[in-house]
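Asker: got a sequence here, can you model it:
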Amino acid sequence: MAQVIHVEEGARNPKVPTMFQVADVDDGSITWVNADLVSHIVPRV
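Answerer: Prediction:
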């Protein structure tokens, strides 16, 4: 599970996210994740 830091939009359609920069909640590491690999998004409360 990770917290989203930044969302990179697509070049052809800016409303479609293509990459997410995320921080791992367990160890704090920051990495980029392809939007195709995201399985669930939990909305903030």
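Asker: find the centremost residue of this protein, please.
Answerer: Nearest residue to the geometric centre of the chain (C-alpha atoms, centre = their mean): residue 20, 2.7 Å.
Asker: go through the helix or strand where that one lies and flag the buried ones.
Answerer: In the assignment (DSSP states H and E), residue 20 maps to strand 17-24. Using 16 or more other C-beta atoms under 10 Å as the test for burial, strand 17-24 gives 20, 22. Placement of C-beta: from N, CA and C, glycine included.
Asker: now what about the very next helix or strand once past that strand, what contacts it?
Answerer: Moving toward the C-terminus from strand 17-24, the first helix or strand encountered (DSSP H and E) is strand 30-34. The contact list for strand 30-34 (C-beta atoms under 8 Å, 6 or more residues apart in numbering) reads 2, 5, 18-24.
Asker: and which of those residues is nearest to residue 45?
Answerer: The nearest member of the contacts of strand 30-34 to residue 45, counting by C-beta to C-beta, is residue 2 at 17.1 Å.
Asker: count the neighbours of that closest one for me.
Answerer: 16 (other C-beta atoms under 10 Å).
Asker: now the one 5 residues further on
Answerer: Residue 7 sits with 12 neighbouring residues when counted by other C-beta under 10 Å.
Asker: what's the helix or strand for it?
Answerer: Counting by DSSP H and E, residue 7 is part of strand 2-9.
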